[in-house]
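A.B. asks: need coordinates for the below:
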Amino acid sequence: MERPSLEFNLPDTHEEGKLYVVDSLNNLNKLNVCPAESQLSLDEEENTGGTGESMAGSNARNQFLFFITFILTLTISLALVSFVIFLIFQTRNEVDQISSRLLSEKKNIEELKKLNNIILKHLNQSRIKEKPSDLHDYLFTHTELKVPGE
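C.D. replies: Have a look, this model is predicted:
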């Protein structure tokens, strides 16, 4: 694909006329090269008179937007980190509470095991003293000890 040549034989006019024609050719070249940005750049040149003021304003605006975006990003990051630290402390407190409850329950279970062993020893000793037939008669003659439905 061949590019059209932008060289023209310009008539001999005074100097301002030549500059206007060259400027028009540059604008036409910009339209051919980058049509999406051409209207924006042409409007900026018209507003500023083509003196380069638009570049300085654009740089300042870009720096300002970068600064605002940077500050916003830092603020959001700080908020997220603070929230994570809060969750870590909250979780640690709950784990401590649960572990203390487990320890107290473990102590209760150990006490219950000791009581169970004492009761079993007492029952074993009382069985030895009584005759087995007496125990059988005692269990099956008292109505409050019978299993319902028998």
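A.B. asks: what number of residues lie near L31?
C.D. replies: Neighbourhood size, L31 [other C-beta atoms under 10 Å]: 14. No exception for glycine: its C-beta is placed from N, CA and C like everyone else's.
A.B. asks: which parts of the chain are helices?
C.D. replies: Taking DSSP state H, the helices of the chain run over residues 15-33, 35-48, 53-129, 132-141.
A.B. asks: with mean pLDDT as added columns, please give those helices in TSV.
C.D. replies: Listed next are the helices of the chain as TSV, based on pLDDT from 0 to 100:
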stretch	mean pLDDT
helix 15-33	72
helix 35-48	55
helix 53-129	90
helix 132-141	58
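A.B. asks: count the neighbours of I71 for me.
C.D. replies: 10.
A.B. asks: how about the contacts made by it?
C.D. replies: Counting by C-beta atoms under 8 Å, 6 or more residues apart in numbering, I71 touches no other residue.
A.B. asks: from F64, how far out is it?
C.D. replies: Between I71 and F64 the distance is 11 Å, computed by C-beta to C-beta, to the nearest Å.
A.B. asks: again, but for F89
C.D. replies: 38 Å.
A.B. asks: and if you look at V21?
C.D. replies: Counting by C-beta to C-beta - V21 and F64 are separated by 38 Å.
A.B. asks: these two: which is more packed in?
C.D. replies: V21 (14 against 10).
A.B. asks: for N32, see how far away that one is.
C.D. replies: From V21 to N32 the distance is 17 Å (C-beta to C-beta).
A.B. asks: before we move on, what about N26?
C.D. replies: 11 Å.
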